[in-house]
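Enquirer: what follows is a predicted structure for the sequence shown.
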Amino acid sequence: MYQNRTDYELVQEFLKGDHSSLEALINRHRRKVFSYILFNIKDSHLAEDIFQDTFIKVIRSLKQGRYNDNGKFLSWVLRISHNLIIDHFRKEKQLQTISNDNCGKDMFNSQKFSDKTIEDHMVNSQISREIRQLVQELPQDQKEVVILRHYCDMSFKEIADHTNVSINTALGRMRYALINLRKLVEEKNLSLSMA
């Protein structure tokens with residue numbers, strides 16, 4: 001019923017009292033928003049809390065009329081989640097930052113690996129960890145494009161909208177990110193294959 005409606009239409013229906021339209025919006029964007037939070041937080045329980053806080057803030061902002069639709073609902077939600085992530089790290093600044101190893105969900109895990117041996121899973125897990133660490137070493141603008149593209153599965157148009165740059169700039173940042181990742185792999189003499 002809600003699949004063919006735009007984000008704007010669903011927002012308007014929610015504001016008129018149709019709470020199912022909000023549920024449809026959340027379900028539509030759940031994977032991308034949660035993946036973005038999880039990649040930055042590295043703790044699935046904490047990521048779930050921030051995900052819920054994000055949509056609580058979305059609901060409040062919608063009810064207070066603080067959302068102006070310009071076709072960028074997902075970008076707006078990701079900005080809210082990004083600000084909550086920053087708030088979290090500010091609060092935790094005195095504590096040690098969360099390790100990549102604390103990620104409760106393997107970002108690279110997929111069903112195509114389901115027939116592999118335990119050793120293959122261990123190697124894949126190590127490769128995933130090393131890639132996440134390499135991505136963290138990229139300049140912020142390049143890191144953001146890699147996260148949004150490969151972990152949140154956003155198109156380059158969505159990335160450009162979210163980061164307020166042109167599609168060519170987003171593509172350029174991805175190109176430089178890949179070049180820098182290759183350099184880092186060579187510098188660290190890493191083997192990122194299942195050979």
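Expert: Okay, I see it.
Enquirer: CA atoms for contacts and neighbours, from now on please.
Expert: Fine.
Enquirer: what's the longest helix in the protein?
Expert: In the chain, taking DSSP state H as the definition, the longest helix is helix 19-41.
Enquirer: nearest spatial neighbour of the spatially most central residue of the chain, skipping sequence neighbours?
Expert: The centroid of the chain falls nearest to Y36 when counting by Cα atoms, centre = their mean (1.4 Å). Closest residue in space to Y36, ignoring its immediate chain neighbours: C152 at 5.7 Å, by Cα to Cα, 6 or more residues apart in numbering.
Enquirer: could you do Q136 as well?
Expert: K143 is the one closest to Q136 (Cα to Cα, 6+ apart), at 6.7 Å.
Enquirer: what about that neighbour, how many neighbours?
Expert: 18 (other Cα atoms under 10 Å).
Enquirer: just the CA trace of stretch 40-55, in PDB.
Expert: Provided in PDB are the C-alpha atoms of stretch 40-55 (Å, rounded to 0.1, in the frame of the first residue of the first chain):
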ATOM      1  CA  ASN A  40      30.600   4.400  12.900                       C
ATOM      2  CA  ILE A  41      29.700   3.000  16.300                       C
ATOM      3  CA  LYS A  42      31.000  -0.600  15.900                       C
ATOM      4  CA  ASP A  43      28.600  -1.900  18.600                       C
ATOM      5  CA  SER A  44      25.300  -3.400  17.500                       C
ATOM      6  CA  HIS A  45      23.500  -2.800  20.800                       C
ATOM      7  CA  LEU A  46      24.600   0.800  21.000                       C
ATOM      8  CA  ALA A  47      23.900   1.200  17.200                       C
ATOM      9  CA  GLU A  48      20.300   0.000  17.900                       C
ATOM     10  CA  ASP A  49      19.900   2.600  20.700                       C
ATOM     11  CA  ILE A  50      21.100   5.400  18.400                       C
ATOM     12  CA  PHE A  51      18.900   4.100  15.600                       C
ATOM     13  CA  GLN A  52      15.900   4.300  17.900                       C
ATOM     14  CA  ASP A  53      17.000   7.800  19.200                       C
ATOM     15  CA  THR A  54      17.300   8.900  15.600                       C
ATOM     16  CA  PHE A  55      13.700   8.100  14.800                       C
END
